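K.L.:
turn this into a structure:
(2 chains)
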Amino acid sequence: MAQHNGAEALRCENVHKTYQGGEIALKGVSITADKKEFVGLIGLSGSGKSTLLRCINRLVEPDSGKIFLGDKEITSLNKKQLKLMRRDIGMIFQEFNLINRMTVLQNILSGRLGYVPLWRSTLRKFADEDLEKAVEISELVGMKPYLHKRADALSGGQRQRVGIARALIQGPRLLLVDEPTSSLDPAIGRDVMKEVRRISKELGVPVLISIHDVNLALDFADRIVAMRDGEVISEGEAGEFNQKRLEDIYQYKI
Amino acid sequence: MAELESVIPKKSNLKRNIWLLAFALVFVWSVWGIFVVETKWSNVGTIAQVLRAIARFFPPNWGYVLELGQATFDTFLIGLLGTFLSLVLSIPVAWFAAHNISPFVPICYPVGRFIMTISRSVHEVVWALIFVAALGLGPFAGILALSLRSIGFVSKMTAEQIEDIDYRPIEAIRAAGGSRIDEILWGIIPQILPQFIGTAIFQWDINIRRATIIGIVGGGGLGLLFSIKMQAYQYSDATAVLVAILVLVLAGEYISTKLRSMIS
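P.N.:
Have a look, this model is predicted:
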């Protein structure tokens, strides 16, 4: 078991998950991510990457194992504590998960819902400082000109930028990114990866990103964790992954 | 030929003929029951008498147009308020009866479904008779009757829309630390609101029609006026009421169609 040290932002210890119906998704996964580290989770679909990400913020409840963010154990939190903890973990989704009928601004602000009291959520009336932050972050991801456009009027790349902005306005200590490029054209997917990496380095936020496109993972991640059938099968600096090693991981000629 | 029949077997017409025969028998039996046994032909007048009876309804009497206008307005308001009340009452019913957000499925879900079924299976005239008996003649009984009758449809449509929502935005709200209420306010309501408004307008249109009918059994407005005129043998007055009903219903339908095309 990895010793706890101050440089680790995220630590998962021996996480197991079996879905109802008997599908075993995770068979004792242990990983860590250092502060400011950009970690790419690679592996075939069905290898457990998305489940692992969702166990970290407990959108999927792990069966056993421990997960720490900093020195707080996420897996032992009660419902109320979990909600507070989730504010510190931004998530970016494969299919953007935006509220289609709302504007870019409202979608970005929805990242603040964990902070605001019920009346503000009901009236959709946010404090000026939240609005200022939303505008600032929209500029960071290049969406400032579209603040009042409805989310369903945007292109895929723009939607993912809104998704990124929504995660950032939480003020996260960790970003979980689930296949951010799979719903996008290759060139736009690459732009989005660039953007996520730039921002994470700028803000000093560690990133755990699941990505089945090996080339993108190698180009952007500091460290690679490879999974197969719910287990970590290989792990190391991105530069250490040569063709031979990747072919072993994917059991396929690349 | 034999080869063709092995691929496409000839169908027997026996079954179809039995059905046709059964249908013909039921039809003859019905006609016999209604027109031979039940009708007292001695009470039915000659064609001339029938025409004369119809002629008493013409021309419509517009001499009491103010009273008529008041009744038309009442019926309009009964339809509007009945619909509005039903929308409010439908929200908790839909919440209970939508399987995916029902607060406690084993109890709340069947309760919600039961309210829906009762509301829809009791006719608006029966609801009106119940409330007229409980509250006396007038618009208030009509409004309650309409709203109770409408809960079923509105809540059923709304519950189905809630069950069909896209969960992805809800997942995002949950991941950001949002509460269950945030999920409903930001994830569910924006998704179902346009359909809910469409359902409401559709129901309002129907309720204008219903408001005239339940008026006849005491729910107020044009229907009540119509039954009063008929009982007083003031047939040309009654015709004016019918024209007013026609105009109101057509206007309602026109507005409803316009509004619904605006939201979609």
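K.L.:
over to A:L26: give its phi and psi.
P.N.:
Backbone torsions of A:L26, given as degrees, to the nearest 10, read phi -130, psi 130.
K.L.:
and it, what does it touch?
P.N.:
Going by CB atoms under 8 Å, 6 or more residues apart in numbering or on different chains, A:L26 touches A:15-17, A:48, A:51-52, A:55, A:62, A:230. All C-beta atoms are positioned from the backbone trio N, CA, C, and that covers glycine.
K.L.:
not counting sequence-adjacent ones, nearest residue to it?
P.N.:
Residue nearest to A:L26 in three dimensions, not counting chain neighbours: A:K17, with 4.2 Å by CB to CB, 6 or more residues apart in numbering or on different chains.
K.L.:
give me the secondary structure label for that neighbour.
P.N.:
Put simply, A:K17 is strand when judged by DSSP: H, G, I helix; E, B strand; the rest coil.
K.L.:
was I right about it contacting A:S50?
P.N.:
No: using CB atoms under 8 Å, A:K17 is not in contact with A:S50; the gap is 11.0 Å.
K.L.:
higher neighbour count, these two?
P.N.:
The residue with more neighbours, out of A:K17 and A:S50, is A:K17; 23 against 20, by other CB atoms under 10 Å in any protein chain shown.
K.L.:
and the more buried one, how far from A:E61?
P.N.:
For A:K17, the distance to A:E61 equals 8 Å [CB to CB, to the nearest Å].
K.L.:
now for these two: what residues contact both?
P.N.:
A:C55.
K.L.:
run the chain-centre distance for the helix or strand that contains B:S261.
P.N.:
According to DSSP states H and E, B:S261 maps onto helix B:235-263. Chain-centre distance of helix B:235-263: 15 Å, with CA atoms, centre = their mean, to the nearest Å.
K.L.:
anything in that helix near chain A?
P.N.:
No: against chain A, helix B:235-263 shows no contacts by CB under 8 Å from any CB of the partner chain, the least distance being 11.8 Å.
K.L.:
give the contact list for the residue of the stretch 1-150 of chain B found nearest chain A.
P.N.:
Using CB to the nearest CB, the single residue of the stretch 1-150 of chain B nearest to chain A is B:I91, 14.5 Å away. With contact set as CB under 8 Å, 6+ apart, B:I91 has these partners: B:155, B:158.
K.L.:
and it, helix, strand or coil?
P.N.:
Looking at B:I91 with three-state DSSP, the answer is helix.
K.L.:
how confident was the prediction at it?
P.N.:
In this model, B:I91 is scored at 94, pLDDT.
K.L.:
now do the helices in the chain.
P.N.:
If you meant another chain, say so; for now it's chain A. Using DSSP state H, the helices of chain A run over A:49-56, A:79-86, A:104-109, A:118-123, A:128-140, A:156-168, A:186-203, A:214-220, A:243-250.
K.L.:
right idea, wrong chain: chain B
P.N.:
Going by DSSP H, chain B shows helices at B:2-7, B:14-31, B:47-55, B:65-97, B:105-121, B:124-135, B:139-163, B:168-175, B:180-182, B:189-214, B:221-231, B:235-263.
K.L.:
want to throw these into CSV with distance to A:R124?
P.N.:
As requested, the helices of chain B are exported to CSV (distance: least, CB to CB, whole Å):
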stretch, distance to A:R124
helix B:2-7, 66
helix B:14-31, 60
helix B:47-55, 60
helix B:65-97, 19
helix B:105-121, 28
helix B:124-135, 38
helix B:139-163, 20
helix B:168-175, 13
helix B:180-182, 11
helix B:189-214, 10
helix B:221-231, 39
helix B:235-263, 20
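K.L.:
what about B:M262, how many neighbours?
P.N.:
Using other CB under 10 Å, B:M262 has 9 other residues around it.
K.L.:
if I look at it, how far off is chain A?
P.N.:
According to CB to the nearest CB, to the nearest Å, B:M262 and chain A sit 16 Å apart.
K.L.:
so how many other residues sit close to A:E235?
P.N.:
Neighbours of A:E235 (other CB under 10 Å): 16.
K.L.:
hmm, it is touching A:A221, no?
P.N.:
No: if you go by CB under 8 Å, A:E235 and A:A221 don't touch, sitting 11.6 Å apart.
K.L.:
shared neighbours, those two?
P.N.:
Common contacts of A:E235 and A:A221 (CB under 8 Å, 6+ apart): none found.
K.L.:
show me what contacts the closest residue to B:G198 other than its chain neighbours?
P.N.:
Using CB to CB, 6+ apart and skipping the chain neighbours, the partner closest in space to B:G198 is B:R260 (5.5 Å). Shown in contact with B:R260 (CB under 8 Å, 6+ apart): B:198, B:201-202.
K.L.:
and which of those is nearest A:V207?
P.N.:
Using CB to CB, B:G198 is the member of those that sits closest to A:V207, with 42.8 Å.
K.L.:
close enough to count as contact, that closest one and B:M262?
P.N.:
No: using CB under 8 Å as the test, B:G198 is too far from B:M262 to be in contact (10.1 Å).
K.L.:
can you name the residue of the stretch 151-254 of chain A nearest chain B?
P.N.:
In the stretch 151-254 of chain A, no residue comes nearer to chain B than A:Q170, which is 5.7 Å away by CB to the nearest CB.
K.L.:
who touches that residue in this structure?
P.N.:
Applying CB under 8 Å, 6+ apart, the residues near A:Q170 are A:87-90, A:111-112, A:114, B:176-177.
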